[in-house]
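Peer 1: take a look and give me a structure for this.
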Amino acid sequence: MSDIPTPEQLVDRARALIPKLIERWEQAATGRKVPEQTVAEMREAGLFRVLQPKRYGGYEMDPQVFYKIQIALAEGCMSTAWIYGVIAVHNWQLALYDDRAQQDVWGKNQNTLISSSYMPKAKVTPVEGGYRVSGRWGFSSGVDHCDWAFLGGVTPEDGEFRTFLIPRGDFKVVDAWDTVGLRGTGSQDVEVNDAFVPTYRTHKSSDGAKGTSPGVVHNTAPLYQLPFGQIFVRAVSTSSIGALQGALNAYLDWNGKRVAVNDASKSAEDPMVQQTAAEAALAIDEMKVALFRNFDSMMSKLRAGQPLDMNDRIHYRTQSASVPERCADLVNRLFYNAGAHGMYRTSRLTRYFLDINCGRTHVANNIYKIERNYGGVLLGLPNTDTFL
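Peer 2: Numbers count the residues shown, from 1 in each chain. The predicted model follows:
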């Protein structure tokens with residue numbers, strides 16, 4: 001494609017949306033979904049195509065570009081960045097499927113989007129040519145904007161966790177999303193009643209971990225050799241970095257001009273206010289450096305045809321889970337050191353405070369379990385994490 005934008009252009013387009021995302025935050029929260037206009041603008045900017053195969057109109061860019069876009073969007077609205085992360089990464093995952101599944105989704109419309117819920121909730125019955133699937137899944141972020149869904153389940157004949165690709169006509173969206181934060185993600189429940197899913201529209205997690213997915217026969221770029229457990233976990237942790245930057249921006253705007261009512265002191269001269277700002281700024285930089293270094297390393301090895309080291313994968317996985325924890329700790333301190341102003345719903349800082357703390361609860365961000373595994377490995381115990 002001769003009209004593929006540069007990575008810098010895509011990031012600039014994402015940054016240009018930040019003022020609009022800040023302005024539309026209340027609309028997203030009240031409507032409990034990111035506005036259609038915002039999704040249309042992201043589509044028009046080409047943001048969803050970053051990880052999509054060139055064979056289907058995508059750009060096949062390195063994940064670093066994808067995460068830079070997500071960080072930029074989160075600076076304006078974490079809900080928007082969240083659904084961007086999970087929906088756009090699905091364009092990467094679909095590239096791992098049998099090419100017939102890719103044709104089903106992108107054959108007529110290369111802009112088609114996919115939602116997901118990887119909860120192993122499917123009731124699966126093997127039948128000739130595939131499976132009959134039923135169940136109800138929660139937390140399908142951005143589902144209102146999507147025409148297909150990846151839904152998780154375990155196939156009884158082999159005990160394999162698989163992702164079932166199911167069209168909109170075979171699932172029902174159940175209105176269940178009413179939360180204190182990340183309200184705009186519209187992470188509704190999804191219900192399926194005895195839908196037939198052909199085998200070619202399923203993907204085994206073991207293939208995603210080993211790099212043996214059927215789609216890599218056609219999609220040969222090193223991008224598609226990345227383990228699913230590395231790229232997906234960052235899609236649900238990285239928006240916290242951008243949201244923390246948004247929180248810091250709001251904090252600096254407020255405290256830069258704030259004068260205390262009781263003693264007329266300037267917040268900008270308060271040592272605690274100063275220290276918290278500095279620590280947040282340093283942490284944002286450190287988390288971005290680690291993120292991009294990790295993917296620079298993985299992509300370099302894959303391009304050279306070298307295997308990824310398992311200890312590195314465990315290390316990178318743990319760093320991903322640590323991001324929401326660090327961001328939550330820092331945004332909590334920013335919130336406290338902004339004074340009582342932060343209690344108002346109209347406060348920009350409050351928005352980031354709520355969203356970051358909610359993003360931390362995603363199962364992939366459970367730092368305690370993941371750190372224990374990593375610590376055990378460092379001490380010579382076997383690895384117990386299969387999502388790497």
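
Peer 1: show me where the stretch 251-388 of the chain has helices.
Peer 2: Assigned by DSSP state H, counting those that start in this stretch, the helices in the stretch 251-388 of the chain fall at 271-303, 310-336, 348-359, 367-378.

Peer 1: between these, which gets nearest to Arg183?
Peer 2: helix 348-359 (8.5 Å; Cβ to Cβ). No exception for glycine: its C-beta is placed from N, CA and C like everyone else's.

Peer 1: and that closest one, what's buried?
Peer 2: Arg348, Leu349, Thr350, Arg351, Tyr352, Phe353, Leu354, Asp355, Ile356, Asn357, Cys358, Gly359 (16 or more other Cβ atoms under 10 Å).

Peer 1: ok, those residues vs Glu75, which is closest?
Peer 2: Tyr352 (9.3 Å).

Peer 1: you'd agree that closest one is up against Ala243?
Peer 2: Yes - counting by Cβ atoms under 8 Å, Tyr352 does reach Ala243; the two are 4.9 Å apart.

Peer 1: any low-confidence regions in the stretch 101-250 of the chain?
Peer 2: Residue ranges of the stretch 101-250 of the chain with pLDDT under 70: none are present.

Peer 1: helices of that one, start to end?
Peer 2: Counting by DSSP H, counting those that start in this stretch, the helices of the stretch 101-250 of the chain are 205-210, 228-235, 239-255.

Peer 1: other SSEs contacting the last one?
Peer 2: In terms of contact count using 3 or more Cβ pairs under 8 Å, 6 or more residues apart in numbering; DSSP states H and E, helix 239-255 is assigned the packing partners helix 63-76, helix 78-94, helix 271-303, helix 310-336, helix 348-359.

Peer 1: of those, which stretch is the most buried?
Peer 2: helix 78-94 (a mean of 27; mean count of other Cβ atoms under 10 Å).

Peer 1: okay, the angle between that helix and helix 63-76?
Peer 2: Here helix 78-94 runs at an angle of 160 degrees relative to helix 63-76 (axes from the mean of the first three to the mean of the last three Cα atoms, to 10 degrees).

Peer 1: what's the mean pLDDT across helix 78-94?
Peer 2: Averaging pLDDT along helix 78-94 gives 98.

Peer 1: rewinding a little: any chance of the helices of the stretch 101-250 of the chain in TSV, with distance to Ser265 and mean neighbour count too?
Peer 2: Listed next are the helices of the stretch 101-250 of the chain as TSV, based on distance: least, Cβ to Cβ, whole Å; neighbours: other Cβ atoms under 10 Å:
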stretch	distance to Ser265	mean neighbour count
helix 205-210	55	17
helix 228-235	41	23
helix 239-255	12	25
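
Peer 1: now distance to Asn383 too, for these, in JSON lines please.
Peer 2: Below are the helices of the stretch 101-250 of the chain laid out as JSON lines (distance: least, Cβ to Cβ, whole Å):
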{"stretch": "helix 205-210", "distance to Asn383": "12"}
{"stretch": "helix 228-235", "distance to Asn383": "12"}
{"stretch": "helix 239-255", "distance to Asn383": "25"}
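
Peer 1: now the strands for the stretch 51-200 of the chain?
Peer 2: Per DSSP state E, counting those that start in this stretch, the stretch 51-200 of the chain carries strands over the ranges 114-127, 130-140, 148-155, 160-167, 171-174, 188-198.

Peer 1: residues in contact with the shortest one: which ones?
Peer 2: Under the criterion Cβ atoms under 8 Å, 6 or more residues apart in numbering, residues 136, 140, 143-144, 149, 151, 188-193, 195 lie in contact with strand 171-174.

Peer 1: got the residues you listed as TSV, with distance to Asp270 and neighbour count columns?
Peer 2: What follows is those, written out as TSV (distance: Cβ to Cβ, whole Å; neighbours: other Cβ atoms under 10 Å):
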residue	distance to Asp270	neighbour count
Arg136	50	19
Ser140	44	28
Val143	44	29
Asp144	44	18
Ala149	49	24
Leu151	50	29
Gln188	43	24
Asp189	45	18
Val190	48	27
Glu191	52	13
Val192	55	23
Asn193	58	12
Ala195	59	19
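
Peer 1: picking that back up, so which of the strands of the stretch 51-200 of the chain comes closest to Ser265?
Peer 2: Comparing the strands of the stretch 51-200 of the chain by Cβ to Cβ, strand 130-140 comes nearest, at 44.6 Å.

Peer 1: what angle sits between the closest one and strand 160-167?
Peer 2: Using the same axes, to 10 degrees: strand 130-140 against strand 160-167 is 80 degrees.

Peer 1: can you check what angle separates strand 130-140 from strand 188-198?
Peer 2: 160 degrees.

Peer 1: in its sheet, what does strand 130-140 sit against?
Peer 2: According to DSSP bridges, strand 130-140 forms sheet pairs with strand 114-127 (antiparallel), strand 188-198 (antiparallel).

Peer 1: return the set of buried residues in the first one.
Peer 2: Of all the residues in strand 114-127, those buried under the rule 16+ other Cβ under 10 Å are Ile114, Ser115, Ser116, Ser117, Tyr118, Met119, Lys121, Ala122, Val124.
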